[in-house]
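Q: show me the folded form of this:
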Amino acid sequence: MASPQRLPLRPLLAASLLLAWSAPLAAARGGAPATPDDVEGPHDVPADEFHPDRGTAVQPAYGGEVVVHLSSLPEGLLRATENSAVARWMLYELNDTLTIQDWEYWDDKPSLCKSWVTEDQIVLVDGAESRYPTSVQIGQGEKARHILYGNVVDTDGGYSVQGVSEGNPSTEGVQVAPDDVQSLERETIFTFDLPTNVKWHDGHPFDAHDVFFSWDLYNNATVDCDEIRFQFQQVLQGDVVHDHKIRFYFERQYFHALRVPGEMSIVPRHLYDLRDPDNMRYDAEFHSHVEEGHVFTEAERGDYINNNPHNTDWVGLGPYRVVEWGSQGVKAVRFEGFHDPAQAGYVDRITWRFVQSDDAAFQALINGELDFFDRVLPEAYFGGATESEAFTKDFYKGYYYTGTYGYTGWNTLRPQLSDPQVRKALQMAFDEEDYIRTQYHGLAKRVTGPQNYFGPGYNHDVKPIAFDPDTAEEILAEAGWYDRDGDGIIDKDGIKFEIEFLHPSGNEPSEKLGLRMMESFEAIGIKVVMRNLEWSSFLERMLERNFDAVNLAWVPPLESDPEQLWHSKWGDPEKKSSNMCAVRDPYIDELIEKGQVELDKEKRAKIWQEIHRYLYEEVQPYMFSSNKPKKFGMNKKIRGFETFKIAPGYSLRRWYYPAGTPGTRASLAKN
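A: Numbers count the residues shown, from 1 in each chain. Have a look, this model is predicted:
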């Protein structure tokens, strides 16, 4: 059973927005206390650590507005079809999930749900169900099975099953003979108790049918959700116990099982499900063109979800509701009907303002058009721009780390990039240490693997490949890549070794990296062509694997499931998935599947660490870059800023203006 406490995270795609910084640490922080990175693991987080008046106590007030920078404008907020980090971060305030991961202490707590019950399942051998009247059948077709579920205890003569959730037929307890057991799957059934007072932003009541639909849409093959579909297809069945209680059955034990339904983005069924009776009332115009008695096909239902106007005209469950969505960003105001006033946030209005260029965004900050900008470029952060009166009179600066890491992904389907030894040579030819030193003033942490740098699965024993262009040339020559025609570009089988370096428009960090890569690779006979695209076109080419090299950043949770990035099933050329590099390796598949069912945290961490080692030392699908601190500038008037290892590294609803600030009030309720 989960604890009752509340408080305001999967791997998410983000343009390589992270940037470099630095200078002497004391100069950067102005004599502030220990850096945010000095404490690894769960811990209390100080507020306003970088604020020039951090030692002065202030009383929080309600009201006012914060305007935060949006580095890319998502196409919508439907998490099934929008796998961007910025969408996820906006949804923290615009929607709610059944459970949340505590920002400071990393444990799971109820948020939208009141509580949950976790139970084990015993899968019975065929025919044994007749001996157990309280067994139930779940699943369909080849996945159909008979089970007993509850708290399962090993006994001398088999197993004891004690049902504990509402509606479980085994509440009187059942003894099970070992010969009747096909498998025991621990912690695979979750029953969530939902509140009765929750309403969507449009006033429609929220219930368990919304939760069921939000899970079931991932079973619709025509919904554009292949990047994250695999997580939800591990749920064998969902049952609405009643309007305010829902149960999910997993096919097998899975270390992240709770978070699949728990952190799932819930959508209003009445606005997304063509089969919901209320949908006809809420979308009368659409149904006016539908013949009476028409049965909607899976494709029709999927298209309705993919192209739903509410993907931007968002109707959610969060403390803030969208009132405007346009090319310049998104505006939201306090939702007076939010179900949990204690978590409703301080400010009345949040604006996410989209400014593509980092230089332009910094100028917008100086001009007072932004209150918070966390992509301050190094030359501004450590140069005169943040020391000028124009900045210091209204703003202060600081930095913080999350587990985000940058990388350049190689398309292993390309002939010049298909050989792991060639990809390793490319890493050798690029002086990553020098790049970190010159671009980030030494603050960035070089990474060698895909797990969160601060999480249990990151293998800190893996040593980075050293800069060695001479050996890189030797490896390339051994692989058959050398200059046959004297034009300065190495070739093989009539193919020139050219790389198109694809990156998002307006992303100066990516552009700088590409230019340095161009210079480094030219020295060993490889031509690099820079290509920038606006975000949606960039994303489309990446998912279609229509690239040579793509520069990105991943924003993983503290512990992530490697399947979506590295399992062979998602590396097939026809799949649009996060395994855009087309990695297909049986050893990695074996490790992933072993780790997914391992419930012991320490044993599982060893498995993830071995994947980390193997990817870096044997496969090299990425040229891993670094974990960079986010450099920010912030309005001095705003207080309550805390930094966390969980992305995005802060919680907007904790920010506030001090009591006495014009336009604020002492209580949540407006006078």
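
Q: need the next SSE after the strand ranked longest in the chain, C-terminal direction.
A: With residue count as the measure and DSSP state E as the assignment, the chain has strand 181-193 as its longest strand. Per DSSP states H and E, strand 181-193 leads on to helix 208-216 as the next helix or strand towards the C-terminus.

Q: coming back round to it: tell me the strands beside the longest strand of the chain, with direction?
A: strand 115-124 (antiparallel), strand 245-250 (antiparallel) (DSSP bridges).

Q: which among those strands is found nearest to residue 595?
A: When the strands paired with strand 181-193 are ranked by distance to residue 595, counting by C-beta to C-beta, first place goes to strand 245-250 at 15.5 Å. The way it works is simple: take the backbone N, C-alpha and C, and place the C-beta from them, glycine included.

Q: I'd like the distance from that closest one to the chain centre, please.
A: Taking the mean of its C-alpha atoms, strand 245-250 sits 23 Å from the chain's own mean (C-alpha atoms, centre = their mean, to the nearest Å).

Q: buried residues in that strand?
A: Residues of strand 245-250 classed as buried under the neighbour-count rule (16 or more other C-beta atoms under 10 Å) are 245-250.

Q: stretch 156-173 now?
A: When neighbours are counted by 16+ other C-beta under 10 Å, the buried residues of stretch 156-173 are found to be 159, 161-163, 165, 168, 170.

Q: before we move on, the earlier item: just put the buried residues of strand 245-250 in CSV and tack on pLDDT and distance to residue 360.
A: As requested, the buried residues of strand 245-250 are arranged in CSV below (pLDDT from 0 to 100; distance: C-beta to C-beta, whole Å):
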residue, pLDDT, distance to residue 360
245, 98, 50
246, 98, 46
247, 98, 50
248, 98, 45
249, 98, 50
250, 97, 47
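
Q: returning to that earlier point: so which of the strands paired with strand 181-193 comes closest to residue 565?
A: Among the strands paired with strand 181-193, strand 245-250 comes nearest to residue 565, with 21.2 Å by C-beta to C-beta.

Q: that closest one to helix 208-216, inter-axis angle?
A: Our comparison of strand 245-250 with helix 208-216, counting by axes from the mean of the first three to the mean of the last three C-alpha atoms, to 10 degrees, yields an angle of 20 degrees.

Q: avg pLDDT for stretch 175-187?
A: Within the predicted structure, the mean pLDDT of stretch 175-187 is 97.

Q: what's the end-to-end length of it?
A: The straight-line separation of the ends of stretch 175-187 (C-alpha to C-alpha, to the nearest Å) is 19 Å.

Q: kindly state the beta-bridge partners for residue 101.
A: As for beta bridges, residue 101 partners with residue 108 under DSSP bridges.

Q: you'd agree it is up against residue 559?
A: No - applying C-beta atoms under 8 Å, one finds residue 101 not in contact with residue 559, separated by 10.2 Å.

Q: alpha carbons of stretch 393-412, as PDB, please.
A: Taking only C-alpha atoms (Å, rounded to 0.1, in the frame of the first residue of the first chain), the coordinates of stretch 393-412 have been written out as PDB:
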ATOM      1  CA  LYS A 393      19.000  44.800 -11.200                       C
ATOM      2  CA  ASP A 394      16.200  42.400 -11.900                       C
ATOM      3  CA  PHE A 395      17.700  38.900 -12.400                       C
ATOM      4  CA  TYR A 396      20.100  36.500 -10.900                       C
ATOM      5  CA  LYS A 397      21.800  33.400 -12.300                       C
ATOM      6  CA  GLY A 398      22.600  29.900 -11.300                       C
ATOM      7  CA  TYR A 399      22.900  26.300 -12.500                       C
ATOM      8  CA  TYR A 400      21.700  22.800 -11.700                       C
ATOM      9  CA  TYR A 401      22.100  19.300 -12.900                       C
ATOM     10  CA  THR A 402      19.500  16.700 -13.900                       C
ATOM     11  CA  GLY A 403      20.200  13.300 -15.500                       C
ATOM     12  CA  THR A 404      19.900  14.800 -19.000                       C
ATOM     13  CA  TYR A 405      22.700  13.800 -21.400                       C
ATOM     14  CA  GLY A 406      23.600  14.900 -24.900                       C
ATOM     15  CA  TYR A 407      24.700  12.500 -27.700                       C
ATOM     16  CA  THR A 408      25.100  12.100 -31.400                       C
ATOM     17  CA  GLY A 409      23.200   9.100 -32.700                       C
ATOM     18  CA  TRP A 410      24.600   7.100 -35.600                       C
ATOM     19  CA  ASN A 411      22.300   5.500 -38.200                       C
ATOM     20  CA  THR A 412      23.800   2.000 -38.100                       C
END
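
Q: buried sites along it?
A: When burial is assessed from 16+ other C-beta under 10 Å, stretch 393-412 yields the following buried residues: 394-412.

Q: for stretch 198-211, same thing?
A: Taking 16+ other C-beta under 10 Å as the basis for neighbour counts, the residues of stretch 198-211 that come out buried are 198, 200-201, 204, 206-211.

Q: go on, stretch 581-596?
A: Within stretch 581-596, the residues scored as buried using 16+ other C-beta under 10 Å are 581-585, 588-589, 591-592, 595-596.

Q: which residues are contacting it?
A: Contacts with stretch 581-596, where a contact means C-beta atoms under 8 Å, 6 or more residues apart in numbering, come from 254-256, 409-413, 545, 561-563, 565-569, 571-573, 604, 607-608, 610-611, 614-615, 619, 621-622.

Q: buried members of those residues into ChimeraX, please.
A: Selection of the buried residues among the contacts of stretch 581-596 in ChimeraX, burial being defined by 16+ other C-beta under 10 Å:
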select :254,255,256,409,410,411,412,545,561,562,563,565,566,567,568,571,604,607,608,610,611,614,615,619,621,622
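
Q: among the contacts of stretch 581-596, which are in strands?
A: Counting by DSSP E, the members of the contacts of stretch 581-596 that fall within strands are 409-410, 622.

Q: how far off centre is stretch 162-175?
A: 36 Å.

Q: contact partners of that stretch?
A: When contacts are taken as C-beta under 8 Å, 6+ apart, the neighbours of stretch 162-175 outside the stretch itself are 117, 119, 132-134, 136, 148-151, 153, 155, 157-161, 189, 191, 241, 245, 247.

Q: domain parsing for this structure?
A: Recorded structural domains for the chain (assignment: automatic domain parsing) are 12-95+318-401+629-658, 120-182, 194-311, 405-627.

Q: ends of the second one, what's the gap?
A: In other words, domain 120-182. End to end - C-alpha to C-alpha - domain 120-182 spans 14 Å.

Q: now the last one
A: Looking at domain 405-627, the gap from its leading to its trailing residue is 4 Å under the measure C-alpha to C-alpha.

Q: repeat that for stretch 288-307.
A: In stretch 288-307, first residue to last residue: 18 Å (C-alpha to C-alpha).

Q: equivalent analysis for stretch 172-191, please.
A: 18 Å.

Q: so what's the residue count around residue 353?
A: By the criterion of other C-beta atoms under 10 Å, residue 353 has 20 neighbours.

Q: these two touch, right, it and residue 328?
A: Yes - at 6.4 Å, residue 353 and residue 328 qualify as touching, with contact defined as C-beta under 8 Å.

Q: so what does the closest residue to residue 349 other than its chain neighbours look like in phi/psi?
A: Counting by C-beta to C-beta, 6 or more residues apart in numbering, residue 349 lies nearest to residue 65, which is 3.8 Å off, once chain neighbours are set aside. Listed backbone geometry of residue 65 is phi -140, psi 150, with angles given as degrees, to the nearest 10.

Q: so residue 72: helix, strand or coil?
A: When states are read from DSSP: H, G, I helix; E, B strand; the rest coil, the local structure at residue 72 comes out as coil.
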